[in-house]
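Novice: Structure for the following, please:
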Amino acid sequence: MRGHFLVQKYIQGPGLLSACGHFLPKEIGKIILVADSIVMPLIFDKLKDSVVDAKLELIPWNFGGECCEEEIEEVNQFSLKKEIQAIAGAGGGKALDTARMAANLRKIPMISIPTVAATNAATSSLAAIYSKDHVYKYPVKIGRCPDLVLADTEIIANAPVRYLVAGMGDALSTLYEGEAMKAAGKKTVHGTDCNETALMFSKLAHDTVMEKGYLAKISAERHGVIPALEDVIEAILFLSEAGAEGGGGTAIPHGLHAAFTILPEIKEVFHGERVAFGILVQFILEKRSLDEFLGMQRFYGKVGLPMTLKDLRIIDRVEEKILDVANKACEPGRYVHNMPFVITEKSLFDAIMVADALGHEFLGSDK
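Specialist: Next comes the predicted model:
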């Protein structure tokens, strides 16, 4: 069992939810569990038994699937009506962000229960707000990390492996975005300087994923929990977010991730997959060596991260759509402007198209 305290409390290990009662705040009487129809049956009984042991009451809330203003307000009103004293979110980033936002509105504790390691949202102090039809709208600074994070690695290992691979993409980006922001003298989303300690967390997350990511993928494909998988889950959920909170982590990859959401087909592509493609685009604009670019492609090929626009489901009217994405990403105040050089719609468009071409060349496929 692993514990960290940069968030209020981070606990990770196999079978954790069946025995997490002693980690739960004893002063809380009622907890609402925000989870969708897939996640709820996976964890509710396990968590309920632990909650009963802690003399707490657990009330389910069926999450609709989108972290939007309407859903957040429904959870908020339900929690008021039921006199809830804490809100738990379980699942992926959107369920966690919905719980995070509702708990913030009420100023009550938030418990984060990631059932996938697809992003670092489980430990974040930020929430990403979308429209009901999945278009990214804006981030919200909550001002505090979750009060408790419970990462049951058995549950995460049994999730579809694509989630874990996407999380690797999200974790890898934190180092490159943080380094770029520090070089540019940009502030973090909290208005603080990008600091070296946070970048060390980002580098540790990056190096762990690069070294152990393939082993972790093989372990997850077989629904087993080996040390490499534990390390990669920790790198995604905890280390990369610790790096992002104080080291930046918002440049081209996350700027492109948000801009890509204007395309309807992107709804089927995970956050970390969009971010991973953005790393390749940033490499081109930073004039990194071809060897470094090819090295990242080789890793992507082994674990299954996207390296072409086709991988992102963009297959028709490609240039027209990418021009729209580049224009959206380059709007004033967007993350792509956190680079230490000027990014224009044209330079971003060109870099996206070159990254795509190199991806097709690496894969040996026709466009």
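
Novice: Burial check on residue 27, number of neighbours?
Specialist: 9 (other CB atoms under 10 Å). For every residue, glycine as well, the C-beta is placed using N, CA and C.

Novice: Let me know the helix or strand that it is in.
Specialist: Assigned by DSSP states H and E, residue 27 belongs to no helix or strand.

Novice: Any idea how many residues pack against the residue nearest to it when sequence neighbours are not counted?
Specialist: In this structure, residue 27 finds its nearest non-sequential neighbour in residue 85, 7.8 Å apart by CB to CB, 6 or more residues apart in numbering. Residues near residue 85, counting by other CB under 10 Å, number 18.

Novice: Need the phi and psi values for residue 85.
Specialist: Main-chain dihedrals, residue 85, degrees, to the nearest 10: phi -100, psi -10.

Novice: From residue 55, how far off is it?
Specialist: Residue 85 sits 13 Å away from residue 55, going by CB to CB, to the nearest Å.

Novice: before we move on, what about residue 169?
Specialist: Residue 169 is 41 Å from residue 55, by CB to CB.

Novice: Between these two, which has more neighbouring residues?
Specialist: residue 169 (29 against 11).

Novice: Tell me the buried residues in the host helix or strand of that one?
Specialist: If you go by DSSP H and E, residue 169 is part of helix 161-184. Across helix 161-184, burial judged by 16 or more other CB atoms under 10 Å covers 161-182, 184.

Novice: need the contact list for the most centrally placed residue in the chain.
Specialist: Nearest to the mean C-alpha position of the chain, by CA atoms, centre = their mean, lies residue 119 at 2.2 Å. Residues in contact with residue 119, defined by CB atoms under 8 Å, 6 or more residues apart in numbering, are 92-93, 166-167, 170, 236, 271-272.

Novice: Now it: which helix or strand?
Specialist: Going by DSSP H and E, residue 119 is not part of any helix or strand.

Novice: And it, what's its pLDDT?
Specialist: Here, the pLDDT recorded for residue 119 equals 93.

Novice: any idea how far it is from residue 348?
Specialist: Taking CB to CB, one finds residue 119 at 23 Å from residue 348.

Novice: Residue 256 too?
Specialist: When residue 256 is compared with residue 348 (using CB to CB), they lie 8 Å apart.

Novice: residues shared between the contacts of the two?
Specialist: Joint contacts of residue 256 and residue 348 (CB under 8 Å, 6+ apart) are 281, 329, 336.

Novice: Considering these, which possesses the most neighbours?
Specialist: Of the shared contacts of residue 256 and residue 348, with other CB under 10 Å as the count, residue 336 tops at 28 neighbours.

Novice: Now that that one has come up, it's in contact with residue 351, right?
Specialist: No: counting by CB atoms under 8 Å, residue 336 sits too far from residue 351 to count as a contact (10.4 Å).

Novice: Next up, phi/psi of residue 113, please.
Specialist: Residue torsions, per degrees, to the nearest 10, at residue 113 are phi -130, psi 80.

Novice: For it, give me the pLDDT.
Specialist: 95.

Novice: who touches residue 311 in this structure?
Specialist: With CB under 8 Å, 6+ apart, residue 311 has these contacts: 273, 277, 359.

Novice: Name the nearest of those residues relative to residue 195.
Specialist: residue 277 (27.8 Å; CB to CB).

Novice: so who does the closest one touch?
Specialist: 253, 256, 305-307, 309, 311-312, 355.

Novice: that older thread, filter the contacts of residue 311 down to just the ones in helices.
Specialist: The helices, defined by DSSP state H, take in 273, 277, 359 from the contacts of residue 311.

Novice: any chance of those residues in CSV, plus distance to residue 76 and pLDDT?
Specialist: Formatted as CSV, the ones in helices among the contacts of residue 311 follow (distance: CB to CB, whole Å; pLDDT from 0 to 100):
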residue, distance to residue 76, pLDDT
273, 31, 98
277, 35, 98
359, 43, 97
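
Novice: doesn't residue 214 make contact with residue 304?
Specialist: No: using CB under 8 Å, residue 304 makes no contact with residue 214, being 10.0 Å away.

Novice: Could you check how many residues crowd around residue 319?
Specialist: 11.
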